[in-house]
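> Let me see the structure of the following:
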Amino acid sequence: VRGHITFAAGFNNEAPLMLLTAAQRLEPFDMDLARETYLIAWASASYGAASRDSLMAISRAMRELPSPGESPRALDLVLDAYALLVTDGHRAALPALRRAMIALTHAPPRDLLRWGWAAGGLTALLWEDRVMADMPARLIGEVRSAGALSELPIYLHALGVPVLLSGDFAAGATLVAQAGAVAEATGVPMTQHTELLLTALRGNEAEASTLITAAVEEADAGGRPNGVASAHWAAAILYNGLARYEEALSAAQAAVRSANLIVSEWALPELVEAAVRAGDDTAAHGALESLAESAAACDTHWAQGILARCRALLSDDDAADHLHREAVERLGRTILRPELARAHLLYGEWLRRKRRRAEARAHLRTADEMFVSIGMEAFAERARRELLATGETARRTRRNEAAPREELTPQEQQIALLVRDGLSNPEVAARLFVSPRTVEWHLRKIFVKLGISSRTQLRHVD
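Numbers count the residues shown, from 1 in each chain. Down below sits the predicted model:
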């Protein structure tokens, strides 16, 4: 039984408990396989459509497993950490989560190929922004070397999330396209978590709504239920960007209620912001309390910056000012440019409401410029409206207005990026599962669209 089943197959509600039963029956015969099946059962409950009751039942059974002895493997530590997370809470599980992450970081390739898919959850739950991309990047290399192509989309998507959270949408789109090409070539279905996040962050309502609706409908039809939590999280981001806070609140609440512990945790800041703007103080304070449970004990700038940003929204004047400044300072030390831009936006909005217009303009201009450079158009428009409300009259010309050009398709974009990185046409073709002639054909179209005539010129194209 391989880890990719968890992500690719789209478990139904009964699958986690069926896997739990299988794991329990395996215990007398093969404890190693039993432990691995427990981990898959846990992941199927968390990432699928199962209830939190199922997740709790599996976690309690995992806590009752016999001790692995004085030399636990990475798998044993991951089981212990995830079980403790559910039964005792985030704060109690932090030391175990750290031990499991360290163990997986130093695990040999053979073990990584079997259990490495669990690492993404560990880094996310530890709020480790700078290491979140390290493990999937390493695993992509291991999977390619082993020829396990059916598992490659897992790690391409796992890498895509931190890449997008860092604000590199071009690289994220390339990873989405690569994952789609491999999934199609191998015939393994894959929920487009990364694509949902990308479209939500970009803020194109028509495109994002289509994907979000399709993911929810597919889950309701029993197709791939593990995408529904991501769809609600994406919707919360989308509608917060569009300043439609009632819709953002509803979507964030649905994401938080899911059994997917990563998505439900990452949706909490969306819930706090939406609830405050919608005037639902009860929901806002409840979400902040839940966020503090998971983030307060994580001594990372990501965790503390997000927590400060959310606390600022629910604090009185002096405390709010200090917390907004702390959020900007801490998030400025992370690689998470979208989160930093949102911190500037929220601080600027708060300053404007306090009639500190000159200070507000400075933060709102910074937010606007960052959003535009990243490609977060809905949030950029929100920042622009706030700037106009401060009395700002001059509107800077947007980059895409100043230099219009025909946009590249997703496949053209990924080919352009790979060629820019120095890959030959045959190497690009092998990476994307197409023929070299197809790459050459697309490359000619890319040159025309970008107004260039050689591969070397790609390095200078933004």
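
> any weak-confidence spans in the stretch 51-200 of the chain?
188-191 (pLDDT under 70).

> All the helices of it, residue numbers only.
52-63, 74-88, 90-105, 109-115, 119-125, 134-146, 152-165, 169-186, 193-202 (DSSP state H, counting those that start in this stretch).

> Can you spell out which helices and strands pack onto the fifth one?
Using 3 or more C-beta pairs under 8 Å, 6 or more residues apart in numbering; DSSP states H and E as the contact definition, the elements that helix 119-125 packs against are helix 74-88, helix 90-105, helix 134-146, helix 261-266. (Each C-beta comes from the backbone N, C-alpha and C, glycine too.)

> run the last query once more with 10 Å
In terms of contacts (3 or more C-beta pairs under 10 Å, 6 or more residues apart in numbering; DSSP states H and E), helix 119-125 is packed against helix 31-47, helix 74-88, helix 90-105, helix 134-146, helix 152-165, helix 261-266.

> I'd like these written out as a markdown table, with distance to Lys445 added.
Listed next are the helices and strands packed on helix 119-125 as a markdown table, based on distance: least, C-beta to C-beta, whole Å:
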| stretch | distance to Lys445 |
| --- | --- |
| helix 31-47 | 38 |
| helix 74-88 | 45 |
| helix 90-105 | 42 |
| helix 134-146 | 27 |
| helix 152-165 | 24 |
| helix 261-266 | 37 |
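
> Just the local confidence number for the closest residue to Leu450 other than its chain neighbours, please.
In this structure, Leu450 finds its nearest non-sequential neighbour in Val461, 5.4 Å apart by C-beta to C-beta, 6 or more residues apart in numbering. For Val461, the model assigns a pLDDT of 74.

> Neighbours of Val461, how many?
Number of residues near Val461 (other C-beta atoms under 10 Å) recorded here: 12.

> Next up, the contacts around it.
Under the criterion of C-beta atoms under 10 Å, 6 or more residues apart in numbering, the neighbours of Val461 are Arg405, Ala416, Arg420, Ile446, Leu450, Gly451, Ile452.

> circling back to that earlier point, need the winner for burial among the helices and strands packed on helix 119-125.
helix 152-165 (a mean of 26; mean count of other C-beta atoms under 10 Å).

> Just put the helices of the stretch 51-200 of the chain in CSV and tack on distance to Arg311.
Formatted as CSV, the entries for the helices of the stretch 51-200 of the chain read as follows, by distance: least, C-beta to C-beta, whole Å:
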stretch, distance to Arg311
helix 52-63, 26
helix 74-88, 23
helix 90-105, 17
helix 109-115, 36
helix 119-125, 20
helix 134-146, 30
helix 152-165, 21
helix 169-186, 29
helix 193-202, 23
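
> So, low pLDDT: which residues of the stretch 201-350 of the chain?
The stretch 201-350 of the chain contains residues with pLDDT under 70 at 220-226.

> do that again at 80, thanks
Along the stretch 201-350 of the chain, the parts satisfying pLDDT under 80 run over 218-227.

> Now do the strands in it.
In the stretch 201-350 of the chain, no strands are defined using DSSP state E, counting those that start in this stretch.

> how about the helices in it?
Using DSSP H, counting those that start in this stretch, helices in the stretch 201-350 of the chain cover 205-220, 228-241, 245-257, 261-266, 268-278, 281-295, 301-312, 317-331, 337-353.

> closest one to Leu139 among these?
helix 261-266 (17.0 Å; C-beta to C-beta).

> Just give me how far the closest one sits from the chain centre.
10 Å (C-alpha atoms, centre = their mean, to the nearest Å).

> That helix - contacts with which helices or strands?
Applying 3+ C-beta pairs under 10 Å, 6+ apart, we find helix 261-266 packed against helix 31-47, helix 52-63, helix 74-88, helix 119-125, helix 152-165, helix 228-241, helix 245-257, helix 281-295.

> Kindly reformat those helices as a markdown table containing distance to Ser315.
Compiled in a markdown table, these are given as follows (distance: least, C-beta to C-beta, whole Å):
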| stretch | distance to Ser315 |
| --- | --- |
| helix 31-47 | 33 |
| helix 52-63 | 31 |
| helix 74-88 | 29 |
| helix 119-125 | 26 |
| helix 152-165 | 25 |
| helix 228-241 | 19 |
| helix 245-257 | 19 |
| helix 281-295 | 10 |
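
> before we move on, back to that, check the helices of the stretch 201-350 of the chain for me and report the most buried one.
helix 228-241 (a mean of 28).

> any chance of the helices of the stretch 201-350 of the chain in JSON lines, with distance to Asn425 too?
Listed next are the helices of the stretch 201-350 of the chain as JSON lines, based on distance: least, C-beta to C-beta, whole Å:
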{"stretch": "helix 205-220", "distance to Asn425": "30"}
{"stretch": "helix 228-241", "distance to Asn425": "34"}
{"stretch": "helix 245-257", "distance to Asn425": "42"}
{"stretch": "helix 261-266", "distance to Asn425": "38"}
{"stretch": "helix 268-278", "distance to Asn425": "42"}
{"stretch": "helix 281-295", "distance to Asn425": "46"}
{"stretch": "helix 301-312", "distance to Asn425": "39"}
{"stretch": "helix 317-331", "distance to Asn425": "41"}
{"stretch": "helix 337-353", "distance to Asn425": "33"}
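
> who wins for proximity to Ala45 among these?
helix 261-266 (9.8 Å).

> Convert that closest one to PDB, retaining C-alpha atoms only.
What follows is helix 261-266, C-alpha atoms only, in PDB (Å, rounded to 0.1, in the frame of the first residue of the first chain):
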ATOM      1  CA  LEU A 261      -6.200  19.700  10.000                       C
ATOM      2  CA  ILE A 262      -3.800  21.700   7.800                       C
ATOM      3  CA  VAL A 263      -6.500  23.500   5.700                       C
ATOM      4  CA  SER A 264      -8.700  24.000   8.800                       C
ATOM      5  CA  GLU A 265      -5.800  25.700  10.500                       C
ATOM      6  CA  TRP A 266      -4.700  27.800   7.600                       C
END
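
> who touches the residue nearest to Gln304 when sequence neighbours are not counted in this structure?
Nearest residue to Gln304, sequence neighbours excluded (C-beta to C-beta, 6+ apart): Arg330, at 5.2 Å. Contacts for Arg330 were tallied using C-beta under 10 Å, 6+ apart; they are 300-309, 339-340, 343.

> rewinding a little: and Asp368, which of the helices and strands packed on helix 261-266 is closest to it?
Closest to Asp368 of those is helix 228-241 (C-beta to C-beta; 12.9 Å).

> Mind giving me the packing neighbours of the closest one?
Partner elements for helix 228-241 (3+ C-beta pairs under 10 Å, 6+ apart): helix 31-47, helix 193-202, helix 205-220, helix 245-257, helix 261-266, helix 268-278, helix 337-353, helix 377-389.

> Run the chain-centre distance for that helix.
11 Å.

> Alpha carbons of it, in PDB - could you do that?
C-alpha atoms of helix 228-241 as PDB (Å, rounded to 0.1, in the frame of the first residue of the first chain):
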ATOM      1  CA  VAL A 228     -13.600  20.100  -0.800                       C
ATOM      2  CA  ALA A 229     -11.700  21.500   2.200                       C
ATOM      3  CA  SER A 230      -9.200  23.200  -0.200                       C
ATOM      4  CA  ALA A 231     -12.100  24.500  -2.300                       C
ATOM      5  CA  HIS A 232     -13.600  26.200   0.800                       C
ATOM      6  CA  TRP A 233     -10.300  27.600   1.800                       C
ATOM      7  CA  ALA A 234      -9.700  29.000  -1.700                       C
ATOM      8  CA  ALA A 235     -13.100  30.500  -1.700                       C
ATOM      9  CA  ALA A 236     -12.400  32.300   1.600                       C
ATOM     10  CA  ILE A 237      -9.200  33.800   0.200                       C
ATOM     11  CA  LEU A 238     -11.000  34.800  -3.000                       C
ATOM     12  CA  TYR A 239     -13.900  36.500  -1.300                       C
ATOM     13  CA  ASN A 240     -11.700  38.300   1.300                       C
ATOM     14  CA  GLY A 241      -9.700  39.700  -1.700                       C
END
